[in-house]
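Peer 1: Fold the following for me, if possible:
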Amino acid sequence: MDATTTRSAPRYRPLEFGVTRARLREGANGVQYLRADQDLQPCAERMTDRLLHWAQTDPDRTFIARRRRLADGSTGDWIRISYAQALDSARRVGQALLDRGLDAERPVAILCENGLEHATLALGCLYAGIPYSPVSSAYSTISQDYDKLRHVLQTLTPGLVYATDARYARAIAATVPEAVEVVLGELFPAVPGQDQLPGRTVTPLGALLATEATPAVDAARAATGPGTITKFLFTSGSTKLPKAVINTHGMWCANQQQMRQSMPVLAEEPPVLVDWLPWNHTFGGNHNVGLTLYNGGTLYIDDGKPTPALIGETLRNLREIAPTVYFNVPTGFEAIAQAMKTDADLRRNLLSRVRMFFYAGAALGQPVWDLLHEVQEAEIGERIVMGTGLGMTESSPFAIFITSPDVRSGYLGLPTPGMELKLVPTEGKVEVRYRGPNVTPGYWRAPQETAENFDEEGFFRTGDAVQWIDEQDRHKGLKFDGRIAEDFKLATGTFVSVGPLRAKIIAAGAPYVQDAVITGLNRREVGALLLATPAVRQLAGLPADAPLKDVLESAPVQAHFQQVLDQLAASATGSANRVARLHLMHEPPSIDKGEVTDKGSINQRAVLKHRDALIQAFHDDALPFTLKPRA
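Peer 2: Numbers count the residues shown, from 1 in each chain. Model (predicted):
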C-alpha cells in the first residue's frame with residue numbers, strides 16, 4: 001500500500017432518495033422514453049381533502065404564520081392560523097364567493113404578495129371550487145405602465161379582485177373595470193384606514209369572513225374533483241405576454257404525491273418551512289404551499305428576500321425558526337452562505353434540524369455550493385444534501401429530482417413516479433418533454449398556444465435540453481444542458497450552448513456575478529453582459545452610497561473582472577465557449593419588459609430583445625468599459 005492519502009467521502013445528514021432507478025425504452029429516430037422504476041401511489045382527489053384531514057386530526061397545529069406588520073414598516077411577533085381556523089375561514093369565504101356566482105369564467109384575481117389574507121382567500125376559492133389567480137404584486141406596485149397586469153385581467157375577466165391596501169389603488173384604477181367587485185383589507189392592519197380607494201366602492205375583507213357558511217358550500221366542495229380548476233398561474237413571459245397555465249386539483253394532488261415518493265423526508269414528519277418565494281410562481285405557490293398543506297406542515301411566511309434591503313429579515317427569521325427543509329433560489333443561498341460564516345446564531349438554528357436544502361429557478365454556482373458545505377461541516381460535522389431537479393409551471397412544477405447526495409451544479413436526476421420523459425434529439429441537443437398526471441391540460445383561453453406546446457404523443461415541449469450524467473449508468477439520471485431557445489449560432493455557423501457557458505461564467509465570477517446574458521448571434525465571437533451582485537461594492541473601495549455606475553467602472557472592479565475574463569479565455573476550447581468581450585451592466589433588469597422575474601432570475605431572450613442597441617454597441621466596440629482577454 002503506498003503512502004498517498006485517500007480522501008474519505010463526505011458525510012451527509014441522512015436523507016432517503018425515493019427514485020434511484022429508471023426504465024428506459026428506445027423509440028424511433030433516436031427518441032428515448034424514461035420513467036421511474038416505481039409507480040405513482042394513490043393520492044387525494046382534491047387539495048381540500050388534506051385541509052379537512054389535518055383540521056380533524058390535528059386542529060390546533062399551525063398551518064401558516066406571518067409576523068405582524070407594524071406601522072413603522074417593521075415586523076413584530078408571529079400571527080398564527082391553525083388548521084381548524086383555516087378550515088373555518090375557507091368555508092366562510094367560500095360561501096361568500098358562491099353567493100356572488102363566481103366561476104371559471106369570472107374567477108378571483110389576487111393582486112397582493114404572500115400573506116395570511118392571500119392564503120385565506122385562496123383556501124376559500126379552493127373550498128368552493130372557484131378558480132383564482134395569484135398575480136405578481138410587482139405588476140401593480142413596481143410596474144409603471146401596468147401592461148402586464150392589464151393583459152392578465154383581460155385574459156381572466158375576473159368577477160372579484162382582491163388587494164390588501166391602498167398601495168394598489170393606482171393599479172386598480174388603471175386596469176379593473178368599474179363593474180368588477182374590489183375587496184380590500186388586512187386581517188391585522190398595521191395602519192387603519194388603508195382599506196379604502198378614492199372614488200370607488202370596495203368590499204372589506206371582513207365582510208367575506210363574516211359570512212355564515214351553509215351546507216351549500218360543503219356541497220360545492222364535494223362536487224369538485226381531479227378535473228376541477230384550482231388556479232391560473234401566469235408564465236413570466238419573455239418575448240410574448242404571459243400565458244395562463246391551467247392548474248387542477250388532480251395535477252396538484254398527483255404532484256404532491258410524486259414529491260412524497262421522490263422526497264420521502266416530506267412524509268417522515270410534518271415539514272416546517274420558512275419561505276419567501278412568491279405564490280404567483282409555481283415554486284412558491286404550488287410546490288411549497290402545496291407540500292405544507294398536503295403533509296400537515298407549517299409555513300412561516302418570510303417577508304425577507306435575497307436583496308440587500310430585505311435579506312436581514314430572512315436571516316432574522318432563520319435565527320428564530322428552524323426549518324426541517326429549506327427552499328430558496330441561488331442568490332438567496334449565496335447570501336445565507338456568506339452570513340453563516342460569521343453569524344453563529346444563524347448557523348446553530350438553521351442547521352439544527354434541517355434535513356435538506358433545495359434550490360431552483362436558476363443555476364447555483366459550485367463555489368456557493370462548496371461554501372455551504374464548508375460552513376455545515378465546521379458547525380455540525382456533516383453536510384446537508386442540496387436537493388434540486390427540474391420542473392416548470394406546466395408540470396405543477398415537480399418533474400425531475402436527484403438520486404443521491406453526490407450532486408454537482410447542473411445535475412437533475414430522474415423523473416418522479418408516474419411521469420414519463422421523452423428525450424428528443426433537437427438541433428444538436430436533446431430536448432426533454434413531459435407527460436403525466438401533473439402536466440397541465442393547456443393554457444386558458446389560448447387554444448393555439450396549447451396546441452403548439454404539445455407534440456403528437458401528448459408530451460409537453462419544455463424547451464429544456466438535457467444530457468446523461470453518465471452514459472454508462474442511466475440510473476444516475478440527467479443533467480441540465482440549457483434552454484434550446486437561448487442557444488444560437490455565430491457567424492461562423494458554430495453553435496453556442498448558452499446554459500453551460502452561463503453557469504461557467506457565474507461560477508468563475510462568484511461571489512460577484514448574479515447572472516450573465518450571453519451575446520453574439522450572427523457575430524464572430526461570444527460576449528457576456530454581467531449583472532453584478534451587491535458584494536461587488538466591496539471591491540470598489542468607494543463610499544457605500546456611491547452610484548452603481550461609479551462602482552462598476554472603478555479600477556479595482558474592472559481589474560478583478562479582467563482577471564475573471566482572462567481565466568475564462570484560458571480555459572476555453574473553441575470560439576463557442578470563449579468569452580471574447582465582457583461588460584458590467586449599469587441599468588438593472590426591468591420587470592415591465594419581462595427581463596427579470598419576482599425570484600430575481602434573468603430572462604435571456606427579453607434582455608436580448610430590449611437591449612439590442614446596447615448589444616450592437618457592445619460588439620461594435622462602441623461601448624465604454626468593455627473588457628477583452630489579454631491573451
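
Peer 1: Tell me where the stretch 301-450 of the chain has helices.
Peer 2: For the stretch 301-450 of the chain, helices defined by DSSP state H, counting those that start in this stretch occupy the ranges 311-320, 330-340, 344-350, 366-380, 447-452.

Peer 1: tell me the mean pLDDT for the longest one?
Peer 2: Averaging the model's pLDDT scores along helix 366-380 yields 92.

Peer 1: and what of the shortest one?
Peer 2: Throughout helix 447-452, pLDDT has a mean value of 96.

Peer 1: CA atoms only: put the helix or strand immediately after it in the chain into CSV for me.
Peer 2: Once the chain leaves helix 447-452, the next helix or strand it forms, by DSSP states H and E, is strand 460-468. Output of strand 460-468 as CSV, limited to C-alpha atoms (Å, rounded to 0.1, in the frame of the first residue of the first chain):
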residue,chain,number,x,y,z
PHE,A,460,-45.4,18.9,-23.3
ARG,A,461,-42.5,20.5,-25.1
THR,A,462,-40.4,22.1,-22.3
GLY,A,463,-37.7,23.7,-24.5
ASP,A,464,-35.1,22.4,-21.9
ALA,A,465,-32.1,20.5,-23.1
VAL,A,466,-30.5,17.6,-21.1
GLN,A,467,-27.6,15.2,-21.2
TRP,A,468,-26.9,12.0,-19.3
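
Peer 1: what mean pLDDT does strand 460-468 have?
Peer 2: Computed over strand 460-468, the average pLDDT equals 95.

Peer 1: That one packs against which elements?
Peer 2: Taking 3 or more Cβ pairs under 8 Å, 6 or more residues apart in numbering; DSSP states H and E as contact, the helices and strands that strand 460-468 lies on are strand 429-435, strand 478-483. No exception for glycine: its C-beta is placed from N, CA and C like everyone else's.

Peer 1: Tell me which of the helices of the stretch 301-450 of the chain lies nearest to residue 179.
Peer 2: Evaluated with Cβ to Cβ, those place helix 447-452 nearest to residue 179, the distance being 26.8 Å.

Peer 1: So for the protein, the centremost residue is which one?
Peer 2: Within the chain, the residue whose C-alpha comes closest to the C-alpha centroid is residue 283; the distance, by Cα atoms, centre = their mean, is 4.2 Å.

Peer 1: residues contacting it?
Peer 2: Shown here is residue 283, whose contacts under the criterion Cβ atoms under 8 Å, 6 or more residues apart in numbering are 277, 327, 360, 361, 397, 599.

Peer 1: And it, how close does it get to residue 276?
Peer 2: Distance, residue 283 to residue 276, by Cβ to Cβ, to the nearest Å: 11 Å.

Peer 1: ok, now residue 595?
Peer 2: Computed as Cβ to Cβ, the residue 595 to residue 276 distance reads 21 Å.

Peer 1: With residue 224 instead?
Peer 2: If you go by Cβ to Cβ, the gap between residue 224 and residue 276 works out to 30 Å.

Peer 1: Comparing those two, which residue is more hemmed in?
Peer 2: residue 276 (25 against 22; other Cβ atoms under 10 Å).

Peer 1: from memory the more buried one sits against residue 66, does it?
Peer 2: No - judged on Cβ atoms under 8 Å, residue 276 makes no contact with residue 66 at a distance of 11.0 Å.

Peer 1: list the residues that contact both of these two?
Peer 2: Applying Cβ under 8 Å, 6+ apart, one finds that residue 276 and residue 66 are jointly contacted by 114, 301, 303.

Peer 1: ok so, going back, highest mean neighbour count out of the helices of the stretch 301-450 of the chain?
Peer 2: Burial among those, expressed as mean neighbours by mean count of other Cβ atoms under 10 Å, is greatest for helix 330-340, which shows a mean of 23.

Peer 1: Tell me the gap between it and the middle of its chain.
Peer 2: Centroid separation between helix 330-340 and its chain, computed with Cα atoms, centre = their mean, to the nearest Å, is 16 Å.

Peer 1: and what of stretch 75-86?
Peer 2: The gap between the average C-alpha position of stretch 75-86 and the chain average comes to 24 Å, counting by Cα atoms, centre = their mean.

Peer 1: picking that back up, please tell me how far the residue nearest to the centre of the chain sits from residue 368.
Peer 2: Residue 283 is 18 Å from residue 368, where distance means Cβ to Cβ.

Peer 1: again, but for residue 468
Peer 2: Residue 468 sits 25 Å away from residue 368, going by Cβ to Cβ.

Peer 1: Skipping adjacent residues, who's closest to residue 271 in space?
Peer 2: residue 297 (3.8 Å; Cβ to Cβ, 6 or more residues apart in numbering).

Peer 1: ranges for the strands of the stretch 151-300 of the chain?
Peer 2: Defined through DSSP state E, counting those that start in this stretch, the strands belonging to the stretch 151-300 of the chain, from first to last, are 160-163, 181-184, 203-204, 229-234, 244-248, 272-275, 298-301.

Peer 1: Among those strands, which comes closest to residue 426?
Peer 2: Of these, the one closest to residue 426 (Cβ to Cβ) turns out to be strand 244-248, at 22.6 Å.

Peer 1: Report the angle between the closest one and strand 229-234.
Peer 2: For strand 244-248 and strand 229-234, the angle between their directions (axes from the mean of the first three to the mean of the last three Cα atoms, to 10 degrees) works out to 150 degrees.

Peer 1: which residues touch residue 352?
Peer 2: Contacts for residue 352 (Cβ under 8 Å, 6+ apart) come out as residue 322.

Peer 1: can you list the weak-confidence ranges in the stretch 201-350 of the chain?
Peer 2: Within the stretch 201-350 of the chain, the set of residues satisfying pLDDT under 70 comprises 237-240.

Peer 1: How much space separates the residue nearest to residue 271 from residue 305?
Peer 2: Taking Cβ to Cβ as the criterion, residue 297 is separated from residue 305 by 22 Å.

Peer 1: When these two are compared, which one has more neighbours?
Peer 2: With neighbours defined as other Cβ under 10 Å, residue 297 and residue 305 compare such that residue 297 has more, 24 against 21.

Peer 1: residue contacts, that one?
Peer 2: 270, 271, 272, 273, 291, 324.

Peer 1: Please list only the buried members of the residues you listed.
Peer 2: If you count burial by 16 or more other Cβ atoms under 10 Å, the buried members of the contacts of residue 297 come out as 270, 271, 272, 273, 291, 324.

Peer 1: got these as TSV, with distance to residue 204 columns?
Peer 2: Shown next, in TSV, are these (distance: Cβ to Cβ, whole Å):
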residue	distance to residue 204
270	34
271	34
272	33
273	30
291	32
324	37
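
Peer 1: Touching, residue 140 and residue 165? I think so.
Peer 2: No - with the criterion set as Cβ under 8 Å, residue 140 and residue 165 do not qualify as a contacting pair; they are 11.3 Å apart.

Peer 1: So for those two, which residue has more residues nearby?
Peer 2: Neighbours were tallied for residue 140 and for residue 165 using other Cβ under 10 Å; the higher tally belongs to residue 140 (23 against 20).

Peer 1: now the helices for the stretch 501-631 of the chain?
Peer 2: Taking DSSP H, counting those that start in this stretch as the criterion, the stretch 501-631 of the chain contains helices spanning 537-540, 548-552, 555-571, 604-610, 612-619.

Peer 1: Let me know which of those helices is the nearest to residue 445.
Peer 2: The minimum distance between residue 445 and the helices of the stretch 501-631 of the chain falls on helix 604-610, with 23.1 Å, by Cβ to Cβ.

Peer 1: buried stuff in the closest one?
Peer 2: In terms of neighbour count (16+ other Cβ under 10 Å), helix 604-610 has its buried residues at 604, 605, 606, 607, 608, 610.

Peer 1: Also stretch 281-301?
Peer 2: Of the residues in stretch 281-301, those buried by neighbour count under the rule 16+ other Cβ under 10 Å are 281-301.

Peer 1: and that stretch, how far out from the chain's middle?
Peer 2: Relative to the centre of its chain, stretch 281-301 is centred 12 Å away, using Cα atoms, centre = their mean.

Peer 1: got the end-to-end distance for that stretch?
Peer 2: According to Cα to Cα, to the nearest Å, stretch 281-301 extends 15 Å from its N-terminal end residue to its C-terminal end residue.
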